[in-house]
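Colleague: have a look at this prediction, sequence included:
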Amino acid sequence: MSFFKKFFTKEKEADLDKGLEKTKESFFSQIGKAIAGKSKVDEEFLDQLEQILISSDVGLETTVKIIDRLEAKVEEVKYLNTSELNQILKEVIVDILGENNTVDIEDYELPEDTKPYIILVVGVNGVGKTTTIGKLAYQFKKKGKNIVLGAGDTFRAAAVDQLKIWSERTGVNFFSKGMNTDPAAVAYETVQYAENNKIDLAIIDTAGRLHTKRHLMDELTKIKKSIDKKQPGAPHEVLLVLDATTGQNAIEQAKRFTEATDVTGIVLTKLDGSAKGGVVLGISDQFKIPIRYIGVGEGVEQLQVFNKKAFVESLFK
């Protein structure tokens with residue numbers, strides 16, 4: 001996506017702060033206890049920090065990277081208090097989040113020279129995939145965009161119905177071929193509908209079944225080829241939706257989907273419901289895929305564009 005910069009509003013900043021409360025309470029209270037009374041970063045503290053990071057679902061590989069970088073930064077420091085340690089950790093985390101091509105922005109703009117712009121949304125059932133699509137539709141509709149939602153999850157009646165409800169709620173177009181139809185055909189005809197009706201943005205849902213890796217790969221590959229056949233070069237974005245409350249399971253899902261298709265961006269939902277917001281770091285570091293959005297509440301405006309600086313500032317308040 002192309003984009004433009006502007007500053008975070010006070011409302012979004014407040015939503016982000018509230019959404020990260022559980023992670024902050026868990027993570028920083030433990031760090032404070034671990035460093036209390038210490039005059040330097042010693043092996044005992046590093047061991048404790050390792051356990052804190054792992055328990056926050058940062059993941060082993062990323063935890064080791066953080067510990068190594070922290071050690072390098074504090075090597076010459078003779079005395080370290082909690083405030084100083086937090087500042088060094090903050091710098092390390094910002095560096096790691098900056099290594100996956102995530103650009104600090106407030107909002108996304110669709111490119112004017114690409115119509116319709118096609119977003120394919122993937123992820124397992126229960127992660128908030130359909131709700132994410134609805135919230136995206138709402139946000140782009142507010143910008144004056146003409147949108148269609150494509151019901152490509154044709155194996156679950158609730159998915160089609162739920163997407164239709166979101167289309168009605170947000171006042172956008174809806175395309176479906178009903179249940180038990182070919183998802184690739186739905187994707188193709190959604191793009192065709194978008195072209196015929198001068199649509200700016202088509203957001204296409206997909207089935208949330210994992211089954212075997214082979215099946216997933218085949219189905220997603222077929223859908224992508226079908227879209228590309230109708231509009232060469234599309235989809236322009238493949239968003240993988242993950243539930244932050246599932247921790248390491250979200251990382252396992254990311255492995256499956258990145259093996260199955262060319263994921264271009266990640267959406268992390270339900271951060272407000274988890275004390276394990278460290279999964280943001282693990283996913284960012286392991287997959288080097290930009291985090292596009294984070295969910296910090298149930299409201300439609302609480303699906304926020306991910307801004308690493310705003311995220312880390314909020315985390316360390």
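Modeller: Yep, it's here. Residues are numbered from 1 along each chain as shown.

Colleague: go ahead and confirm V280 touches F311.
Modeller: Yes. Counting by Cβ atoms under 8 Å, V280 does reach F311; the two are 7.1 Å apart. Where you see a C-beta, it was placed from the backbone N, CA and C, and this is true even at glycine.

Colleague: settle it for me: which of those two has more neighbours?
Modeller: Neighbour totals were compared for V280 and F311, and V280 leads with 29 against 26 (other Cβ atoms under 10 Å).

Colleague: now that one: closest residue in space that isn't a chain neighbour?
Modeller: L268 (6.1 Å; Cβ to Cβ, 6 or more residues apart in numbering).

Colleague: if we can go back for a sec, where do the contact lists of V280 and F311 overlap?
Modeller: Shared contacts of V280 and F311 (Cβ atoms under 8 Å, 6 or more residues apart in numbering): L97, I294.

Colleague: quick check: the residue nearest to V280 is in a strand.
Modeller: Yes. Counting by DSSP: H, G, I helix; E, B strand; the rest coil, L268 is found in a strand.

Colleague: my guess is it contacts L281. True?
Modeller: No. Between L268 and L281 there is no contact under Cβ under 8 Å: 11.0 Å.

Colleague: between those two, which one's more packed in?
Modeller: L268 (28 against 25).

Colleague: dump the residue contacts of the more buried one.
Modeller: L242, D243, A244, A250, V279, V280, I283, I291, Y293, I294, G295, F306.

Colleague: secondary structure element for the first one?
Modeller: Take DSSP states H and E as the rule and L242 turns out to sit in strand 237-243.

Colleague: pull up the pairing partners for that strand, direction included.
Modeller: Strand 237-243 has these partner strands in its sheet, going by DSSP bridges: strand 117-122 (parallel), strand 265-269 (parallel).

Colleague: identify all contacting residues around that strand.
Modeller: 1, 117-123, 126-129, 132, 224, 250, 253-254, 257-258, 261-270, 283, 289, 292-293.

Colleague: how about it: buried residues?
Modeller: E237, V238, L239, L240, V241, L242, D243 (16 or more other Cβ atoms under 10 Å).

Colleague: where's it relative to the chain centroid, distance-wise?
Modeller: 6 Å (Cα atoms, centre = their mean, to the nearest Å).

Colleague: show me what the helix or strand just after it is packed against.
Modeller: Downstream of strand 237-243, the next assigned helix or strand under DSSP H and E is helix 248-260. Where contact means 3 or more Cβ pairs under 8 Å, 6 or more residues apart in numbering; DSSP states H and E, helix 248-260 is packed against helix 213-230, strand 237-243, helix 279-287.

Colleague: pLDDT on helix 248-260, on average?
Modeller: In this model, helix 248-260 has an average pLDDT of 87.

Colleague: then stretch 275-294?
Modeller: Mean predicted confidence for stretch 275-294 is 86.

Colleague: first-to-last residue distance for it?
Modeller: 15 Å (Cα to Cα, to the nearest Å).

Colleague: who's the one residue sitting closest to the centre of the chain bridged to?
Modeller: Centroid check for the chain by Cα atoms, centre = their mean gives V267 as the closest residue, at 1.9 Å. Beta-bridge partners for V267, by DSSP bridges, are V241, Y293.

Colleague: read off the pLDDT value for it.
Modeller: Taking V267 on its own, its pLDDT is 95.

Colleague: shouldn't P290 be in contact with V263?
Modeller: No. Counting by Cβ under 8 Å, P290 sits too far from V263 to count as a contact (9.8 Å).

Colleague: between these two, which is the more surrounded one?
Modeller: Each of P290 and V263 has its neighbours counted (other Cβ under 10 Å); V263 has more, 21 against 18.

Colleague: what is the burial count for E112?
Modeller: By other Cβ under 10 Å, the residues close to E112 number 9.

Colleague: and K40, by the same measure?
Modeller: Residues near K40, counting by other Cβ under 10 Å, number 11.

Colleague: convert whatever helix or strand D161 lives in to PDB, retaining C-alpha atoms only.
Modeller: Using DSSP H and E, D161 sits in helix 157-170. Extracted C-alpha coordinates of helix 157-170, given in PDB (Å, rounded to 0.1, in the frame of the first residue of the first chain):
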ATOM      1  CA  ALA A 157     -22.100 -20.700   6.400                       C
ATOM      2  CA  ALA A 158     -21.400 -18.300   9.400                       C
ATOM      3  CA  ALA A 159     -18.400 -16.800   7.500                       C
ATOM      4  CA  VAL A 160     -20.600 -15.800   4.500                       C
ATOM      5  CA  ASP A 161     -23.400 -14.500   6.700                       C
ATOM      6  CA  GLN A 162     -21.000 -12.600   9.000                       C
ATOM      7  CA  LEU A 163     -19.300 -10.900   6.000                       C
ATOM      8  CA  LYS A 164     -22.700 -10.000   4.500                       C
ATOM      9  CA  ILE A 165     -23.700  -8.400   7.900                       C
ATOM     10  CA  TRP A 166     -20.500  -6.300   7.900                       C
ATOM     11  CA  SER A 167     -21.200  -5.200   4.300                       C
ATOM     12  CA  GLU A 168     -24.600  -4.000   5.400                       C
ATOM     13  CA  ARG A 169     -23.400  -2.400   8.600                       C
ATOM     14  CA  THR A 170     -20.600  -0.500   6.700                       C
END
